[in-house]
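Colleague: when you get a sec, could you give me coordinates for this:
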Amino acid sequence: MHSSIFVKRLMGELKRMRTDSISNVRLVSHESLATWTMDIKGAEGTLYAGEVFTLRLNFPDTYPYEAPEAVFVGDVPVHPHVYSNGHICLSILYQQWSPALTAESLCLSILSMLSSCTERPVGDLNYVSKATSPKKAIWKFDASETRIRGLRTVPLVGNSLLPRANVTRVYAASVLLLAFVFIMAESYILYLTKDGYRIASNNQWQIQGVQEAVTSSITTYMVYNVLFILAQIYIIFLCVEALAHQNTIQIIAVVVFYFVCLVYTATRYISFYVLPSISARIFTRDSNMQTMQIGVMAMYAIALVSLIVLSYKLKKDVGWSVFKRLGADISLHRAYMWRQCLVILLKADIYFVGSYLVQITALILKDDDIETWLQITVFIPFCIVVIVGAFYALFGEHCRLMVCICTSMVASLGYFIFKIVRVCNPDIINRPGDPYADSRQFLMITIAACMLLITSSAVASVKCIQSFGSGLKEAIAYEEMRIRHQKMYTYIAQDEPEAAGEAKITRDRFAID
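Modeller: Predicted coordinates for the structure are as follows:
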């Protein structure tokens, strides 16, 4: 089943080929929409003047994002860039293809290729007998020795994971440096938390009820310290992946992630020094703890401003790559934008829903509480299935599955509303045994973030469903294939001294437009 963009594009091109007269190019027949037969007549004043060659065009399902297969059938022209089986070595049929090109422009390029030849290959028969398809291998024709030498592929660009742009490297280095600084700072705060509790428990907190409350609170603070450290590791993952795939939306998401971290650190400072609980008051006179927390907040604010500036500059460098990958189709760009939005929202869901589950399981739930077992046996598996299913449905464009995933996301909002009611129940706030005494602020921020992300994911899912079948999947598949085929070539025979320079020579030799 061909995509709508495939059918619409080829119907328009077929109509133009029938009505518009192109010199030396004629549409003979079309067995189907995907297979055309053309006649190419040699131009006057060239080696092929008066000769007529039959060209068959086979359009793949991914057209126009992938080039059609162009093969001469019958009498194959003897030409340095035409192989014995009729395949043509022309750059726009492979790595230089663009969705902006058409069958008409391809035929004109082939005609130009024939016309530009001023001398037939030396040793025609030997040349023709040894030439094979460039689909299987790239070949270098050496006219002086009349031989074809096979080449194997090596990467066109270096093996570097990240692009080489200066702004990109500065951005990546900044994120790595900031992550290291924040991890060290949070580790030291974690140490101060444990040390402060140890000193207090040995001195003044000997009343059993108070001692238990302080122990619970210290555990809460330590869990949040660990989540801050994990957030930095997750930011590194998002940054590296965003730069490697030149994903501007994910680059912006890294900035948003830093803003959320700033909100969390501000909330922590308030819970320690502005509105402290009984247990948090053991740090009131700890100047080291207060200095570290203020310093971390200031560093997050500086990091946020710096990354906003770098992201703006990086967006201008990376944004053009999306246009080159998808062409000028606005609807396709819009579909790609929603796809990327959903991907980053799902990645954010992984961290925030995961951190919520850690908080609610490690700090709140008890072994003898039925909610604990419902959490472990129902909600956690439910979250895993929904997130994994969303990725699978998105990448495979499975419409029905995505509808089910979207419905599940909306239904999960009811669970979080229930938790808000539980956490904010006035009957337990500031009462003895309040399970949310020192985690209520953090937990409410996490729940709000989860609800916002899930709602946004559901909206993005609907937008993605509307774009299924638009040709985006084929365009992305073609881009992945093009990247795999963007290889340069070196000799299999490693003992040839000129091997180092042959890759560039071969690329230039066949870079015909």
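Colleague: ok, now which ones touch Tyr273?
Modeller: 283-284, 290, 293 (C-beta atoms under 8 Å, 6 or more residues apart in numbering). For the C-beta atoms, the positions are set from N, CA and C on the backbone; glycine is no exception.
Colleague: how does it look with 10 Å?
Modeller: Counting by C-beta atoms under 10 Å, 6 or more residues apart in numbering, Tyr273 touches 280-281, 283-284, 286, 289-290, 293-294.
Colleague: Ser115 - that's part of a helix, no?
Modeller: Yes - residue state for Ser115 (DSSP: H, G, I helix; E, B strand; the rest coil) corresponds to a helix.
Colleague: please look at it and Ala43 and confirm they touch.
Modeller: Yes - Ser115 is within contact range of Ala43, at 4.8 Å (criterion: C-beta atoms under 10 Å).
Colleague: any common contacting residues for the two?
Modeller: 24, 49.
Colleague: tell me which of the contacts of Tyr273 fall in helices.
Modeller: 289-290, 293-294 (DSSP state H).
Colleague: mind putting those residues into a markdown table with distance to Glu241 and pLDDT?
Modeller: Compiled in a markdown table, the ones in helices among the contacts of Tyr273 are given as follows (distance: C-beta to C-beta, whole Å; pLDDT from 0 to 100):
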| residue | distance to Glu241 | pLDDT |
| --- | --- | --- |
| Met289 | 35 | 86 |
| Gln290 | 36 | 87 |
| Gln293 | 30 | 90 |
| Ile294 | 32 | 93 |
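Colleague: which stretches of the stretch 51-200 of the chain form helices?
Modeller: Counting by DSSP state H, counting those that start in this stretch, the stretch 51-200 of the chain has these helices, from start to end: 103-116, 124-130, 166-203.
Colleague: grab the most central residue of this protein for me.
Modeller: His245 (5.1 Å; C-alpha atoms, centre = their mean).
Colleague: look up phi and psi at it.
Modeller: According to degrees, to the nearest 10, the main-chain angles of His245 amount to phi -100, psi 0.
Colleague: that one reaches Cys239, doesn't it?
Modeller: No - contact between His245 and Cys239 fails when scored by C-beta under 10 Å: they sit 11.4 Å apart.
Colleague: about what we covered before: out of the ones in helices among the contacts of Tyr273, which are buried?
Modeller: The neighbour-count test (16 or more other C-beta atoms under 10 Å) marks 289-290, 293 as buried among those.
Colleague: could the residues you listed go into CSV alongside distance to Trp338?
Modeller: Listed next are these as CSV, based on distance: C-beta to C-beta, whole Å:
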residue, distance to Trp338
Met289, 44
Gln290, 45
Gln293, 39
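Colleague: out of the helices of the stretch 51-200 of the chain, which one sits most buried?
Modeller: Of all the helices of the stretch 51-200 of the chain, helix 103-116 has the most neighbours on average by mean count of other C-beta atoms under 10 Å, namely a mean of 19.
Colleague: and that one, what other elements does it pack with?
Modeller: Using 3 or more C-beta pairs under 10 Å, 6 or more residues apart in numbering; DSSP states H and E as the contact test, the elements touching helix 103-116 are helix 4-19, strand 25-32, strand 35-41, strand 52-58, strand 69-73.
Colleague: tell me the spacing between Tyr356 and Phe272.
Modeller: Remark: distance between Tyr356 and Phe272 (C-beta to C-beta, to the nearest Å) = 22 Å.
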